[in-house]
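J.: just need the structure, nothing else, for what follows:
(2 chains)
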Amino acid sequence: MEKAKYTIGVTALNAIDNPGPGVPVIRALQEAKSFDVKIIGLSYEALEPGIYMHDIVDKSYTIPYPSTGTHHLMNRLREIHDIEKLDVIIPNFDAELFSFIKLEPDLKKMGIHLFMPTIEQYEERQKVNLPEFGEKYNIKVPKSEAIFSLDKMPELEEDFKWPILVKGKFYEASVAHNFEQVNIAFNRISSKWGLPIIIQEFIHGTEFNVTGLGDGKGNTIAAVPIRKQYITDSGKGWGGIAVTDKKLLEITDRFISSTKWRGGFELELMKDNKGDFYMMEINPRIPAWIYLAVGVGQNIPEALVNLALGNEVKPYTKYDAGKMFVRYSWDMIVDLKEFEKISTTGEL
Amino acid sequence: MDIKKDVAVSDSGFVFYPTTGESFSVNPLGMEIIRLMKDDKSFDKITEYVVDHYNVESSTIEKDLLDFIEMLNHFSLMEDDGEG
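T.: Below is the predicted model:
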């Protein structure tokens, strides 16, 4: 029987030093066994490398930043859809997820399918809501407090032991050993990402990550835990290895079944010296290291597309432990004409 | 004396623990000792094996073997350290 061919829009083609998941998601889709794909790259900037990878992306279009308003995004997606007839979009940028979740019903009416968390799921796993999330779902989380002003710090000193983590609401974190360092981190991070700033207990230990996929009914469709082996100065994994720790899979199953998580995700966990795991963050999207999951036998983007389209999906139950990813950078030579075309017409 | 079941050691002395993804290197004697441990050999049997195959006093190997086990324990490669 001939395989179906789907036209899939993918964002986050920024395969840079802090890479977006777009390019590895596309590699996964190209290796899908259950369908063939035409890939439509959706980019925010003319210099996102994925635009120029013609064996990865069939056609690229620029789209407006979410901050310009969802109606601009919707209009642009409608224009692209008129030409390309998109079956599915996989949004991969943190900053755009909320807009796409909001647009999901309207996109569905146009025939474009998404498979994303609900607004409630998206909101309750926010960093500022992590303590309540941990309590509600019985998952260990580090003690944390969202603050809007440094005046709150003296009160918090009784509840926290030094060092502490000072975290931005979306990105960035610093370890602080004293008030002066808290001041510096608070001002630096809040000027970039706004308030509140999260003051969090520092858990000494080893970081593990899990990527997975929930079907929205409480079932785990896929789950692959890893330990990052090489972390860059900006905190990004540049090498990692699939591991078999059963506790990680138990926590993942509990997370999916109790929240009825819908869509892809990445859990960031810290294992302390006693062997206890703490949930540090829940990213409601596929991570940039997703191709390792494909490499060990779980093609999460393929399963996500099938769930989005209402196709039958059998849960993955195993993976090959001991396989690693090692990331690298690669300089492409690009004709100025291509840069000109995407910059001026918004298409390539 | 129980090394974790899924600890693997290759012919080159590369030790891999898939639960945590950690890897280590051991010398040929360390590799032999880990293999004996995986075969459920007792402390005394391993000491006997080393004395028979290497020119070393049993009192010396006993101390070194205890140090080696302590190191394996430190890296959570032995059973009963509170981990799954």
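J.: A:Leu248 in helix, strand or coil?
T.: Here A:Leu248 is recorded as helix under DSSP: H, G, I helix; E, B strand; the rest coil.
J.: do the one 10 residues further on as well
T.: Applying three-state DSSP to A:Ser258 yields a three-state assignment of helix.
J.: got a list of what it touches?
T.: Residues near A:Ser258 by Cβ atoms under 8 Å, 6 or more residues apart in numbering or on different chains: A:Tyr137, A:Asn138, A:Gly218. For the C-beta atoms, the positions are set from N, CA and C on the backbone; glycine is no exception.
J.: who touches residue 57 in this structure?
T.: Just so you know, I chose chain A. Residues in contact with A:Val57 (Cβ under 8 Å, 6+ apart) are A:Val10, A:Leu13, A:Ile26, A:Ile39, A:Ile40, A:Gly41, A:Gly50, A:Ile51.
J.: if you could check chain B rather than the one you did, that'd help
T.: Shown in contact with B:Glu57 (Cβ under 8 Å, 6+ apart): B:Val51.
J.: coming back round to it: just the contacts of A:Ser258 now: which is nearest A:Ile198?
T.: Nearest to A:Ile198, judged by Cβ to Cβ, of these is A:Tyr137 at 18.8 Å.
J.: count the residues that sit near the closest one.
T.: Neighbour count for A:Tyr137, taken as other Cβ atoms under 10 Å in any protein chain shown: 16.
J.: could you check how many residues crowd around A:Lys318?
T.: When neighbours are defined as other Cβ under 10 Å, A:Lys318 has 8 of them.
J.: ok, A:Leu304 next?
T.: Neighbour number of A:Leu304 under other Cβ under 10 Å is 26.
J.: per-residue pLDDT, it?
T.: We have a pLDDT of 98 for A:Leu304.
J.: right, and it touches A:Phe115 too?
T.: Yes - when contacts are counted by Cβ atoms under 8 Å, A:Leu304 is listed as touching A:Phe115 (5.2 Å).
J.: what do the two both touch?
T.: Residues touching both A:Leu304 and A:Phe115 (Cβ under 8 Å, 6+ apart) are A:Gly263, A:Gly264.
J.: so what's the backbone phi/psi at A:Arg262?
T.: When quoted as degrees, to the nearest 10, the phi and psi of A:Arg262 stand at phi -120, psi 110.
J.: please report how far it lies from A:Leu307.
T.: Noted for A:Arg262: a distance of 8 Å to A:Leu307, by Cβ to Cβ, to the nearest Å.
J.: what parts of the stretch 101-250 of chain A come near chain B?
T.: A:Thr206, A:Ile226, A:Arg227, A:Gln229, A:Gly240, A:Ile241, A:Ala242, A:Val243, A:Thr244, A:Asp245, A:Lys246, A:Lys247 (Cβ under 8 Å from any Cβ of the partner chain).
J.: so where do the helices sit in chain B?
T.: Counting by DSSP state H, residue ranges of the helices within chain B are B:28-38, B:43-53, B:58-74.
J.: extract the C-alpha trace of stretch B:20-27 and format it as CSV.
T.: Extracted in CSV, the C-alpha atoms of stretch B:20-27 (Å, rounded to 0.1, in the frame of the first residue of the first chain):
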residue,chain,number,x,y,z
THR,B,20,22.9,6.5,34.7
GLY,B,21,24.8,6.5,31.4
GLU,B,22,28.1,6.8,33.3
SER,B,23,31.3,5.2,32.0
PHE,B,24,34.7,4.5,33.5
SER,B,25,38.0,2.9,32.6
VAL,B,26,39.7,0.1,34.5
ASN,B,27,43.1,-1.6,33.9
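J.: what distance separates that stretch from the centre of its chain?
T.: From the chain centre to the centre of stretch B:20-27 is a distance of 12 Å (Cα atoms, centre = their mean, to the nearest Å).
J.: got any ranges where the stretch 151-300 of chain A has weak pLDDT?
T.: Within the stretch 151-300 of chain A, no stretch has pLDDT under 70.
J.: swap in 90 and give it another go.
T.: A:151-159, A:169-173, A:192-194, A:231-237, A:273-275 (pLDDT under 90).
J.: which parts of it are strands?
T.: Assigned by DSSP state E, counting those that start in this stretch, the stretch 151-300 of chain A shows strands spanning A:164-167, A:173-176, A:197-201, A:206-215, A:220-231, A:237-242, A:262-271, A:277-283.
J.: direction included, what does the first one pair up with?
T.: So that's strand A:164-167. strand A:173-176 (antiparallel), strand A:197-201 (antiparallel) (DSSP bridges).
J.: from those strands, which stretch is densest packed?
T.: strand A:197-201 (a mean of 22; mean count of other Cβ atoms under 10 Å in any protein chain shown).
J.: can you give me the angle it makes with strand A:277-283?
T.: Strand A:197-201 and strand A:277-283 meet at an angle of 160 degrees, taking axes from the mean of the first three to the mean of the last three Cα atoms, to 10 degrees as the criterion.
J.: can I get strand A:197-201 as CSV, trimmed to CA atoms?
T.: Provided in CSV are the C-alpha atoms of strand A:197-201 (Å, rounded to 0.1, in the frame of the first residue of the first chain):
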residue,chain,number,x,y,z
ILE,A,197,12.2,36.1,39.3
ILE,A,198,12.1,32.7,40.8
ILE,A,199,14.3,32.0,43.9
GLN,A,200,14.8,28.2,44.0
GLU,A,201,16.5,25.7,46.2
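J.: sweet, I'm off.
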